[in-house]
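Chemist: what's the 3D shape of this:
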Amino acid sequence: MGETLRTSTLRFFLLLVASYGLFFFSYKYYIPLARADFFRYYPMYQRPLDFSAATAPFVYRQISALVTHALYLTGLYYPEGISFSDSAIDQRMFFSALLANYLGLTLAATLAGSLVERVTGAFGASLMAGFLCLLSFHTQTAVITGLTEGISWFFVALLYLLYVRRARWPLIVVLAVSIFQREIIPLAFALIAFFSFVLRSGDKRYDGFVLVSSLLAFGAYLAMRAVIIAAPGYEYQLSLSNFVANLMSPSAVSIRDVVFQGVLSQNVVFIAAAAQFALYLRTRVWSRDFLMLTSALLALMVIGLGDGLGVNVGRIGGLMAPIFAVLAARALFELDRSLVSSAKNPPEPRA
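Modeler: Numbering: from 1, shown residues only. Purely as a prediction, here's the structure:
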């Protein structure tokens, strides 16, 4: 346990040192667009747990608000001249919002590395998983932007770690808390468990447990939004007929934009796919985990389209970047080991 904590701390420190330039660049040059979601979250950062501070679904994402507000209260701040200037926005709070997401991103990268080291025993491979998280297409377009992505990525990485370790009760607790961070998180794990069950990539009883737990967590979110703490805003997202109509009318959103901004933004998925394919050419074995997670990702993006998210399905799909970083690093490690083994033991020449 002590050794694991030490290596995880070292991994976090190395990833932090390697990437803090990304945080500085976002703080220095990022400018939220007019009517961007940042302006919806800002009152929540000022008044966390005030469910009148914003409209649905934003107001339910309270974990990011609490973390940002806590960082603001510490007084941690770098008074630098930055590109973003708005008289209604406190620069200190803007700094805290970006820092919260950056720390969430780095923690997600650290947990992704822990998953890889758990399987490979290689610290270098674990760093590769972390770097792939940090180099995701979404890192500076969606994560270090003062929204909720950084903390959401951390939740996804933590839940996947618990899922792999089959830690049932911690998984239930984190799933329950995740509905106050991003409602799509339990839905994503319901899809992961469902496709794992269908493709038989795991234990059916355990996958059934995760599927039911995830659906119960998502159901709790729907009950909270519709009845318990009913906040106004985006009511059409709760309409099944609207969901079906969005899927049946692709002309409502540009397919070209969805492909370029939604699909092609999943660079970590493409790296994982390339690594898996290269490994398949050597072993003739295709990873069921990759098939399961890719199916879950595609289903999640389809649900996003049905919910009217349009090109933002890319950002929704990006939530699974830490998981695909794990798959990519594992496959690259196995590929490297296979190549080294072949170099040391070349095939016998034919007579």
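
Chemist: in the stretch 201-350 of the chain, which spans are helices?
Modeler: Along the stretch 201-350 of the chain, counting by DSSP state H, counting those that start in this stretch, helices occupy 204-223, 240-248, 255-257, 267-283, 288-306, 313-318, 321-344.

Chemist: Also the stretch 51-200 of the chain?
Modeler: 62-74, 91-120, 123-134, 138, 149-165, 168-178, 184-199.

Chemist: Mind putting these into TSV with distance to residue 223?
Modeler: For glycine as for every other residue, the C-beta is placed from the backbone atoms N, C-alpha and C. Below are these laid out as TSV (distance: least, CB to CB, whole Å):
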stretch	distance to residue 223
helix 62-74	16
helix 91-120	27
helix 123-134	33
helix 138	30
helix 149-165	20
helix 168-178	13
helix 184-199	13
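
Chemist: and of the ones you listed, who's closest to residue 33?
Modeler: helix 91-120 (14.3 Å; CB to CB).

Chemist: rewinding a little: which one of the helices of the stretch 201-350 of the chain has the most crowded surroundings?
Modeler: helix 313-318 (a mean of 24; mean count of other CB atoms under 10 Å).

Chemist: if we can go back for a sec, could you redo the helices of the stretch 51-200 of the chain as TSV and give each row mean pLDDT and distance to residue 206?
Modeler: Formatted as TSV, the helices of the stretch 51-200 of the chain follow (pLDDT from 0 to 100; distance: least, CB to CB, whole Å):
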stretch	mean pLDDT	distance to residue 206
helix 62-74	98	26
helix 91-120	97	17
helix 123-134	97	23
helix 138	96	30
helix 149-165	97	9
helix 168-178	98	8
helix 184-199	96	8
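
Chemist: can you tell which of the ones you listed is closest to residue 18?
Modeler: So among the helices of the stretch 51-200 of the chain, helix 123-134 is nearest, using CB to CB, at 7.2 Å.

Chemist: Please name every helix or strand in contact with the closest one.
Modeler: Here helix 123-134 touches helix 2-29, helix 91-120, helix 267-283, helix 321-344, going by 3 or more CB pairs under 8 Å, 6 or more residues apart in numbering; DSSP states H and E.

Chemist: what angle do the first one and helix 123-134 make?
Modeler: If I follow you right, that is helix 2-29. 30 degrees (axes from the mean of the first three to the mean of the last three CA atoms, to 10 degrees).

Chemist: For the helix or strand just after helix 2-29, which residues meet the burial criterion?
Modeler: Toward the C-terminus, helix 2-29 is succeeded by helix 38-46 as the next helix or strand (DSSP states H and E). Neighbour counts over helix 38-46 (16 or more other CB atoms under 10 Å) mark 38, 39, 40, 41, 42, 43, 44, 45 as buried.

Chemist: again, but for stretch 11-30
Modeler: 11, 12, 14, 15, 16, 19, 22, 23, 26, 27, 30.

Chemist: what do you get for stretch 114-121?
Modeler: Neighbour-count burial for stretch 114-121, counted by 16+ other CB under 10 Å, picks out 114, 115, 116, 117, 120.

Chemist: who touches the worst-scoring helix or strand of the chain on mean pLDDT?
Modeler: Lowest mean confidence among the helices and strands of the chain (mean pLDDT, DSSP states H and E): helix 255-257, at a mean of 80. Applying CB atoms under 8 Å, 6 or more residues apart in numbering, the contact partners of helix 255-257 are 310, 311.

Chemist: circling back: and of the helices and strands packed on helix 123-134, who's closest to residue 57?
Modeler: Minimum separation from residue 57 across those (CB to CB) falls at helix 91-120, 18.0 Å.

Chemist: by contact count, what packs against the closest one?
Modeler: Contact partners of helix 91-120 among helices and strands, from 3+ CB pairs under 8 Å, 6+ apart: helix 2-29, helix 38-46, helix 62-74, helix 123-134, helix 149-165, helix 321-344.

Chemist: Helix 91-120 and the second one, what's the angle between them?
Modeler: In this structure, helix 38-46 runs at an angle of 90 degrees to helix 91-120, with the same axes, to 10 degrees as the basis.

Chemist: what do you get for the fourth one?
Modeler: Here helix 123-134 runs at an angle of 140 degrees relative to helix 91-120 (the same axes, to 10 degrees).

Chemist: quick one: buried residues of helix 123-134?
Modeler: Result for helix 123-134 [16+ other CB under 10 Å]: buried residues 125, 126, 127, 128, 129, 130, 131, 132, 133, 134.

Chemist: ok, so of the residues you listed, who is nearest residue 237?
Modeler: Residue 237 lies nearest to residue 133 out of the buried residues of helix 123-134, by CB to CB, at 28.4 Å.

Chemist: OK, contacts around the closest one?
Modeler: Contacts for residue 133 (CB under 8 Å, 6+ apart) come out as 105, 108, 109, 112, 139, 153, 157, 268, 321, 322, 325.

Chemist: And residue 199, how close does it get to residue 209?
Modeler: Distance, residue 199 to residue 209, by CB to CB, to the nearest Å: 17 Å.

Chemist: And residue 307, how close does it get to residue 18?
Modeler: Residue 307 sits 36 Å away from residue 18, going by CB to CB.

Chemist: how close does residue 270 sit to residue 264?
Modeler: From residue 270 over to residue 264 (counting by CB to CB), the distance is 8 Å.

Chemist: And residue 239, by the same measure?
Modeler: 30 Å.

Chemist: This completes my enquiry, with thanks.
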